[in-house]
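> any chance you can model this:
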Amino acid sequence: MDCKVICKEISVSLDTGPEIKDITADFSAAVTESGIADGMLAANVIGSTGSLTTIEYEPGVVQDLKDAIERLAPRDANYQHELAWHDGNGHSHVQAALLGPSISIQIRGGQLCLGTWQQVVVINHDNKARTRRIAITITGTPGR
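As a prediction, this is how the structure comes out:
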């Protein structure tokens, strides 16, 4: 069996955080373009104030996640980061670290292994709008 590796990058514009955007279609398109039938998609957001995860991307859950992120690391708490940089985004670094910068998703039959109500999202935690770069690596065996 031949194993194939495809690397690509996408960019996603996001408003001030926490801002959450569904990128499932981008990942699905990357898998389709790759021709991989069975394997793995690994991705990471580049930057220390962004994260990747999965949720049911509907307004209620999106707001619930935003609220939970704010409770975990509120923007108005005291952060040591502020003593050094005075840039107002200490909370952004902590929020992103708690959720994590990367995700791995199995590929089966040329499709991402996601549940019916499960979408991949990128989150900007920063205190300003950002264009987030996401590095994607797809590995596996091509379809026949």
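> pull out the buried residues from the helix or strand containing residue 71.
In this structure, residue 71 sits in helix 59-72 according to DSSP states H and E. By neighbour count on 16 or more other Cβ atoms under 10 Å, the buried set for helix 59-72 is 62, 65, 69. Glycine gets a C-beta too; all of them are placed from N, C-alpha and C.
> longest strand in the protein, by number of residues?
strand 130-142 (DSSP state E).
> mind giving me the packing neighbours of that strand?
strand 4-14, helix 24-34, strand 36-46, strand 50-55, strand 119-124 (3 or more Cβ pairs under 8 Å, 6 or more residues apart in numbering; DSSP states H and E).
> for it, what is the average pLDDT?
The pLDDT scores in strand 130-142 average 97.
> show me what counts as buried in it.
Those would be 130, 132, 134, 136-140, for strand 130-142 by 16+ other Cβ under 10 Å.
> low-confidence ranges in this structure?
Within the chain, the stretches with pLDDT under 70 are 1, 144.
> 90 instead, please
For the chain, the stretches with pLDDT under 90 are 1-2, 82-85, 143-144.
> check contacts around the residue nearest to residue 30 when sequence neighbours are not counted.
Nearest non-adjacent residue to residue 30, counting by Cβ to Cβ, 6 or more residues apart in numbering: residue 136, 5.5 Å away. Residue 136 makes contacts with 7-10, 27, 30, 41-43, as judged by Cβ atoms under 8 Å, 6 or more residues apart in numbering.
> just residue 48 next, same as before
93, 96-97, 101.
> just among those residues, which is most surrounded?
For these, counting by other Cβ atoms under 10 Å, the largest number of neighbours falls to residue 96: 26 neighbours.
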